[in-house]
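[1] Can you look at this prediction? I've put the sequence above it.
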Protein chains: 2
Amino acid sequence: MSEDRRQAILRAIVEGYVATHEPVGSKALAQNSSLGVSPATIRNDMAALEEDGLIAQPHTSAGRIPTDKGYRYFVDMLAAAAFQDSHKRAISTFLSDAVDLNDVVERSVRLLSQLTRQVAVVQYPSLRESPVRRVELVRMTPERALAVVVSADARVEQASLTVPQDLADEDFERVAREVNDIASGLTPAPLDRALVEWASRQSPSPWIEELAGVVSSAARGGTVERVVFAGTGNLTRAGSDLGADAVTSVLDALEEQVVLLRLLHEMAAEGHVTVRIGSETGYGALAGTSIVAAGYGNIESPSLLGALGPTRMDYPGTMAAVRAVARYLSKVVEA
Amino acid sequence: MSEDRRQAILRAIVEGYVATHEPVGSKALAQNSSLGVSPATIRNDMAALEEDGLIAQPHTSAGRIPTDKGYRYFVDMLAAAAFQDSHKRAISTFLSDAVDLNDVVERSVRLLSQLTRQVAVVQYPSLRESPVRRVELVRMTPERALAVVVSADARVEQASLTVPQDLADEDFERVAREVNDIASGLTPAPLDRALVEWASRQSPSPWIEELAGVVSSAARGGTVERVVFAGTGNLTRAGSDLGADAVTSVLDALEEQVVLLRLLHEMAAEGHVTVRIGSETGYGALAGTSIVAAGYGNIESPSLLGALGPTRMDYPGTMAAVRAVARYLSKVVEA
DNA sequence: GATTGGCACTCACAGACCGCGAGTGCCAGC
DNA sequence: GCTGGCACTCGCGGTCTGTGAGTGCCAATC
């Protein structure tokens, strides 16, 4: 009862089940897979694997299917799969002619969903540490103004604020120039301090306060983190394990974003390509689904992207695709 | 065989089927609905309605369900339903504290999906005729620059372009000032002319050309029209008629956007709240689904928003919700 | 002529039944 | 420790059948 063979059997069960969507039995395994032992032997090992909670049988007289724990074991012993050249080409052609950051993210998420045939999610790059390039204030109406913050990585953020109706245009322009001069070249943290200091030197007024706050948060990359997704159609495409309720919860989770963001944050802490399988996600709504994610961009505070699909997914392929897209996206964003 | 009673029967069938998801038979109709006639009479009328193609029976010995044409007839004879006060309040609280245009659109689409319990779609307002408020050019690196166009309705568009590496900063700044001075206050059409004229006065160079083109298209509200959606989870929520394939096609159509945009454009031509039922959409992928849409914003070239769901939907309620949200959104955008 | 009650007919649906076959666990032998 | 054999389990798919809702048609009635 060698440990090696058991691993091989687990691997064969996972691969077989992923390929056929059907529980795999000892006999089929003996014939199909090339581990030269008899069905009976395999049965013994299967019993042991089941004992360990790595596989289970849906019905008494059916074959075995991997449990979440089994998938986990499989993923952990997985050697990095080679990524097909055709895919590499697809990535570069797909991403090469993107015009701006939005476009890059948009294209990436579509590409990833096509490569993996799963739902792809991409978190907008967190550009917290990127310095401000310029701040513009535009007075739209007598009492409304728009602040436009351009950061060094070509990201443009906007926010609106209220100004006193009786404020003279000259004063408004002076403030605009001052804020731009102060902010240019600063990263968010020093920017905060500089703005507070500057505001305290002005004659106290609520709009100065609001202006400082608005510019600070815009420099941080907008008020909210966002996740875009694509490939939701894959959830219901033929061959998906997920029932209607499961699909509903996943779609809801994607739209609410908050659960998804928390989960991605958790995963960011771990390492390169990380996988959460079924119940490992810790969210009941995501039972039956797995997430394969990888960080990209800034090494210290990476953003995440990943693929989400039924636990019965092609882990090696998905992991390879996620890794590849993350790598390319890192190049683009860092450049 | 009065025409009035037939209409009443059709109405009762539609309402009954929408409520219960089950074919409705003559007997149940006679008891439940308060039109004082016997089942036999109803059967006669039903036969006539079926003759006209307004209803059908899924199986020989089942009750009747409305056809697409039947829903159409029902919708056409529908008196505008009163919209609940609670909904009105929901709308104003939901939309009142939006910070910018993105936020308004985002909130609207979520709100609409909640009110209708369908998939909501909102087309980004087409702001073609809004004049430019300001144009900023920022040199990001020696050979890349960013053009930021702020329009009078607080929309911010960005585009990147290439500049000659050896261009002096003073020259760059001069061009930036000139372009801003030219563009400010102009709507796209005159802006195009002014930019072409201006470019011809410069010493000919590719980057001047690119700049003019980029600013023109940014002033038009970005390169692409976009549609955002929310509530996709409702497609699979309990009680949806749609099979897995239908859901898949709808999700795909939503993501591709192009089909959806064309359809919305077609519907924009019609009038106030318009409805496309099942095959009326003209797209096979949308068989079994209906769209209720209404224009908002600029009367002459309205943008659209709407709700998308199974043909068996609550048309009166959905139409009322769509109309109400469209009205509020118009106010916000026009203001 | 419109409406109604009656009646025979149709047919989907749910439940019961059953045989097949894949798969298992266990045991004795190598 | 591996293997062949054997009895056992049990889900799945097929057939069959009764039931009941619903229909269409026809003759009688208002």
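    Sure, I can see it.

[2] How about the contacts made by the residue of the stretch 1-150 of chain A found nearest DNA strand C?
    Residue of the stretch 1-150 of chain A nearest DNA strand C, by Cβ to the nearest atom of the strand: A:Gly25 (2.7 Å). (Glycine included, C-beta is placed from N, CA and C.) Listed by Cβ atoms under 8 Å, 6 or more residues apart in numbering or on different chains, the contact set of A:Gly25 reads A:62-64.

[3] now A:Ala326
    A:273, A:294-296, A:305.

[4] so where's the longest strand in chain A?
    strand A:132-141 (DSSP state E).

[5] Tell me which residues of whichever helix or strand comes after it come out buried.
    Sequence-wise, the next helix or strand downstream of strand A:132-141 (DSSP states H and E) is strand A:144-151. Buried residues in strand A:144-151, counted by 16 or more other Cβ atoms under 10 Å in any protein chain shown: A:145-151.

[6] And for stretch A:56-63?
    By 16+ other Cβ under 10 Å, the buried positions in stretch A:56-63 come out as A:Gly63.

[7] do stretch A:101-111 as well
    A:101, A:104-111.

[8] Now do the closest residue to A:Pro23 other than its chain neighbours, the pLDDT please.
    Nearest residue to A:Pro23, sequence neighbours excluded (Cβ to Cβ, 6 or more residues apart in numbering or on different chains): A:Gly63, at 3.3 Å. For A:Gly63, the model assigns a pLDDT of 86.

[9] Against which helices or strands is the helix or strand hosting A:Arg43 packed?
    Taking DSSP H and E as the criterion, A:Arg43 maps to helix A:39-51. Applying 3 or more Cβ pairs under 8 Å, 6 or more residues apart in numbering or on different chains; DSSP states H and E, one finds that helix A:39-51 contacts helix A:3-20, helix A:26-32, strand A:55-56.

[10] so what strands line up beside the shortest one?
    When you say that, I think you mean strand A:55-56. The pairing partners recorded for strand A:55-56 under DSSP bridges are strand A:65-66 (antiparallel).

[11] How far does the partner strand sit from its chain's centre?
    Its chain's C-alpha centre and that of strand A:65-66 lie 27 Å apart, by Cα atoms, centre = their mean, to the nearest Å.

[12] which ones are touching the closest residue to A:Ala199 other than its chain neighbours?
    Nearest non-adjacent residue to A:Ala199, counting by Cβ to Cβ, 6+ apart: A:Ala212, 4.7 Å away. By Cβ under 8 Å, 6+ apart, the contact list for A:Ala212 reads A:195-196, A:198-199.

[13] next one: A:Gly278
    Listed by Cβ under 8 Å, 6+ apart, the contact partners of A:Gly278 are A:68, A:71, A:286-290, A:311.

[14] How much space separates the residue of the stretch 151-300 of chain A found nearest DNA strand D from A:Ile277?
    Nearest to DNA strand D in the stretch 151-300 of chain A, going by Cβ to the nearest atom of the strand, is A:Asp241, at a distance of 13.6 Å. Between A:Asp241 and A:Ile277 the computed distance is 13 Å (Cβ to Cβ, to the nearest Å).

[15] now do A:Glu210
    46 Å.

[16] When these two are compared, which one has more neighbours?
    A:Ile277 (22 against 17; other Cβ atoms under 10 Å in any protein chain shown).

[17] pLDDT weak spots in chain A?
    A:1-2, A:79-86, A:95-99, A:126-129, A:221-224, A:269-271, A:334-335 (pLDDT under 70).
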